[in-house]
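Peer 1: below is the structure, and that's it, no one-letter string:
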């Protein structure tokens, strides 16, 4: 479980929220009161199936858990690499590497709908 109660008040978070709002206006990312935003999370529960999988690193477990949470409403995760990187406090390049590895190992699949990427859980 990851807690971060100070996320809402940081200047970086305000900038990222503004960027997300702009992407929503452009139709690049969904918006709405009923949509879960990764920046609103105060904690993250990691399912046991990820904890028991010895092929996954701790960051991969956290990333898959975030993708799973964001996929609950629409069946896929729409978050951009920049958003996932900020959430996990790692670089965008690390996110790209993890997503590539998770895709290669069959944990996720990615599809593009215009400019919007959709990440689906497979395992």
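Peer 2: It's in. Quick caveat, the model's predicted, so the values are computed rather than measured.

Peer 1: for residue 119, which non-adjacent residue is spatially closest?
Peer 2: Nearest residue to residue 119, sequence neighbours excluded (Cβ to Cβ, 6 or more residues apart in numbering): residue 77, at 4.2 Å. Any C-beta I mention is one placed from the backbone N, CA and C, and that applies to glycine too.

Peer 1: for burial, what's the neighbour tally of that neighbour?
Peer 2: Residue 77: 25 surrounding residues under other Cβ atoms under 10 Å.

Peer 1: same check on residue 68?
Peer 2: Residues contacting residue 68 under the criterion other Cβ under 10 Å number 16.

Peer 1: and it, which of the three is it?
Peer 2: The three-state assignment at residue 68 reads helix, by DSSP: H, G, I helix; E, B strand; the rest coil.

Peer 1: confidence score at it?
Peer 2: On pLDDT, residue 68 comes in at 91.

Peer 1: how about residue 98?
Peer 2: At residue 98, pLDDT is 96.

Peer 1: element containing it, please.
Peer 2: helix 92-104 (DSSP states H and E).

Peer 1: helices or strands next to that helix in the packing?
Peer 2: Helices and strands touching helix 92-104, by 3 or more Cβ pairs under 8 Å, 6 or more residues apart in numbering; DSSP states H and E, are helix 58-70, helix 81-88, strand 108-113.

Peer 1: for the very next helix or strand once past the shortest one, list every residue counted as buried.
Peer 2: What that stands for is strand 108-113. Using DSSP H and E, the helix or strand that follows strand 108-113 in sequence is strand 116-121. By 16 or more other Cβ atoms under 10 Å, the buried positions in strand 116-121 come out as 116-117, 119.

Peer 1: of all those, which comes closest to residue 97?
Peer 2: Using Cβ to Cβ, residue 119 comes nearest to residue 97 of the buried residues of strand 116-121, at 14.7 Å.

Peer 1: do I have it right that the closest one meets residue 76?
Peer 2: Yes - counting by Cβ atoms under 8 Å, residue 119 does reach residue 76; the two are 6.1 Å apart.
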